[in-house]
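*Asks:* When you get a sec, could you give me coordinates for this:
(2 chains)
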Amino acid sequence: RKEVEQDPGPFNVPEGATVAFNCTYSNSASQSFFWYRQDCRKEPKLLMSVYSSGNEDGRFTAQLNRASQYISLLIRDSKLSDSATYLCVVNMKGGGGADGLTFGKGTHLIIQP
Amino acid sequence: DVKVTQSSRYLVKRTGEKVFLECVQDMDHENMFWYRQDPGLGLRLIYFSYDVKMKEKGDIPEGYSVSREKKERFSLILESASTNQTSMYLCASSLTTYEQYFGPGTRLTVT
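*Replies:* Take a look at the predicted model:
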């Protein structure tokens, strides 16, 4: 089983719609979870951390389901500028270690006018 | 704001050449990382360092070496470049094991 798995997409979504995608992870001991955003030909940047209680930042909501070992990202009222690749990132090594982050291959989102 | 800079955005080298990729961060971060990113394969960790003169192999260290003589600088070295090392190389730094800040990347082509 792959360690961090995402649907690569692309997800083609009309502007203003709500879109959600999931990411599954294999290590049940994983402690921390993140969503990064990567624009075309740019570097990844942290979008938001994912807490056990879930968290919301404006139009973006992230959820964690430990029992089923997945995290989700929901984008409401999508904008053209949301078009990007969204990387699911998991600290697979539990207690830490500088190399603990494992990146998914990303989900490509295209918002259409 | 954290700033991570990489020496070149684009680089073209010939097979067999020795290649140096430089990365500098300005936030006094202990941890620094080198990744390569390829279509369909995502980000793969090559090497990382958690302190000056310390280095650890990542998932794909073969064909690469690194150097960290100063805290702010982490270099990736391709001893003898090969065509299968054509890729986007991304450097990152972090203060903790959590958020990593990435440089803009170096797109290396080996011909």
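*Asks:* where does chain B come near chain A, residue by residue?
*Replies:* With Cβ under 8 Å from any Cβ of the partner chain as the criterion, chain B meets chain A at residues B:30-31, B:33, B:40-43, B:45, B:48-50, B:56, B:58, B:90, B:94, B:97-100, B:102-105. Using the backbone N, CA and C atoms, a C-beta is placed for each residue, glycine as well.
*Asks:* show me the residues around B:Thr5 that make contact.
*Replies:* Contacts for B:Thr5 (Cβ atoms under 8 Å, 6 or more residues apart in numbering or on different chains) come out as B:Cys23, B:Val24, B:Gln25, B:Gly103, B:Pro104.
*Asks:* Not counting its own residues, what contacts the one helix or strand B:Met88 maps to?
*Replies:* Using DSSP states H and E, B:Met88 sits in strand B:87-94. Strand B:87-94 is contacted from outside by A:43-44, A:98, B:2, B:4, B:6, B:21, B:23, B:25, B:27, B:29-38, B:43, B:74, B:76, B:100-103, B:105-108, using Cβ under 8 Å, 6+ apart.
*Asks:* are any of those residues buried, and which?
*Replies:* Neighbour counting with 16 or more other Cβ atoms under 10 Å in any protein chain shown marks A:43-44, A:98, B:4, B:6, B:21, B:23, B:25, B:29, B:31-37, B:43, B:74, B:76, B:100-103, B:105-108 as buried within those.
*Asks:* which stretches of chain A form strands?
*Replies:* Along chain A, counting by DSSP state E, strands occupy A:4-6, A:11-14, A:19-25, A:32-38, A:45-50, A:55-57, A:60-65, A:70-75, A:84-91, A:101-103, A:107-112.
*Asks:* now the contacts of B:Thr5 in a markdown table, with secondary structure?
*Replies:* As requested, the contacts of B:Thr5 are arranged in a markdown table below (DSSP: H, G, I helix; E, B strand; the rest coil):
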| residue | secondary structure |
| --- | --- |
| B:Cys23 | strand |
| B:Val24 | strand |
| B:Gln25 | strand |
| B:Gly103 | coil |
| B:Pro104 | coil |
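*Asks:* That's all I had, so thanks and see you.
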